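Asks: next comes the sequence, and after it the predicted model I'd like to discuss.
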Amino acid sequence: MAKLKFATVWLAGCSGCHMSFLDLDEWLIDLAREVEVVYSPVGCDLKDYPEGVDVCLVEGAVANEENLELAYRVRQRTKMVISFGDCAVTANVPAMRNMLGDGDAGNAVLKRAYLELGDVTPQLPDEPGIVPPLLDQVLPLHQVIPVDLYLPGCPPPADRIRAAIEPLLHGNMPQMEGRAMLKFG
């Protein structure tokens with residue numbers, strides 16, 4: 001049987017979900033026997049998201065144009081997209097900037113951080129190709145692309161991550177029911 005092509009992506013978030021993924025400890029060795037990791041910020045130095053991915057865990061909210069482009073690419077090239085953690089599911093902490101402006105929160109947060117609070121040389125970061133432009137609002141993943149499975153938690157505990165991934169290895173859908181699988185925070 002061919003190995004599942006497995007990926008993880010990190011958008012606007014703290015990387016806590018990926019740290020919790022690493023808390024799978026010894027089970028990561030078992031997982032590595034059953035999947036081919038084709039893209040991830042953890043342990044890979046791959047620059048381009050590949051075609052034909054079977055399962056992708058997407059951590060973080062969609063906050064800038066780079067996040068948006070990667071989310072579209074992930075959806076186009078992936079069979080099963082999993083919204084991984086509360087930032088991906090609800091936009092959570094990254095969306096706090098949405099309170100700074102109605103449809104203009106990106107500019108409001110930049111002005112506050114870099115101009116109003118700038119100490120020595122207040123200026124907005126502007127380097128095309130290096131600093132991605134912020135979106136007007138931070139969005140949860142499902143408001144940008146269709147999502148196949150939601151895995152809440154801030155971060156989701158390792159046992160919940162395993163319970164969501166393990167059935168997929170055998171062609172089954174995980175049972176996303178009850179507090180152990182659906183608790184936020």
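Replies: Nice, thanks for sending it over.
Asks: for the protein, which segments count as helices?
Replies: For the chain, helices defined by DSSP state H occupy the ranges 16-22, 27-34, 65-77, 86-90, 105-110, 158-169, 179-182.
Asks: what is the rounded mean pLDDT of the second one?
Replies: Per-residue confidence for helix 27-34 averages out to 95 on the pLDDT scale.
Asks: that helix vs helix 158-169, what angle?
Replies: Angle, helix 27-34 to helix 158-169, by axes from the mean of the first three to the mean of the last three Cα atoms, to 10 degrees: 10 degrees.
Asks: tell me what helix 27-34 is packed against?
Replies: helix 158-169 (3 or more Cβ pairs under 8 Å, 6 or more residues apart in numbering; DSSP states H and E). In short, each C-beta sits where N, CA and C put it, glycine included.
Asks: one more time with 10 Å
Replies: Using 3 or more Cβ pairs under 10 Å, 6 or more residues apart in numbering; DSSP states H and E as the contact definition, the elements that helix 27-34 packs against are strand 4-10, helix 16-22, helix 158-169.
Asks: what does the fourth one give?
Replies: Applying 3+ Cβ pairs under 10 Å, 6+ apart, we find helix 86-90 packed against strand 4-10, helix 16-22, strand 53-59, strand 62-64, strand 78-84, strand 149-151.
Asks: repeat that with 8 Å
Replies: Using 3+ Cβ pairs under 8 Å, 6+ apart, helix 86-90 sits against strand 53-59.
Asks: sorry, back to before: could I get the helices and strands packed on helix 27-34 as JSON lines with mean neighbour count, mean pLDDT and distance to A63?
Replies: Below are those laid out as JSON lines (neighbours: other Cβ atoms under 10 Å; pLDDT from 0 to 100; distance: least, Cβ to Cβ, whole Å):
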{"stretch": "strand 4-10", "mean neighbour count": "22", "mean pLDDT": "97", "distance to A63": "12"}
{"stretch": "helix 16-22", "mean neighbour count": "19", "mean pLDDT": "96", "distance to A63": "15"}
{"stretch": "helix 158-169", "mean neighbour count": "18", "mean pLDDT": "96", "distance to A63": "23"}
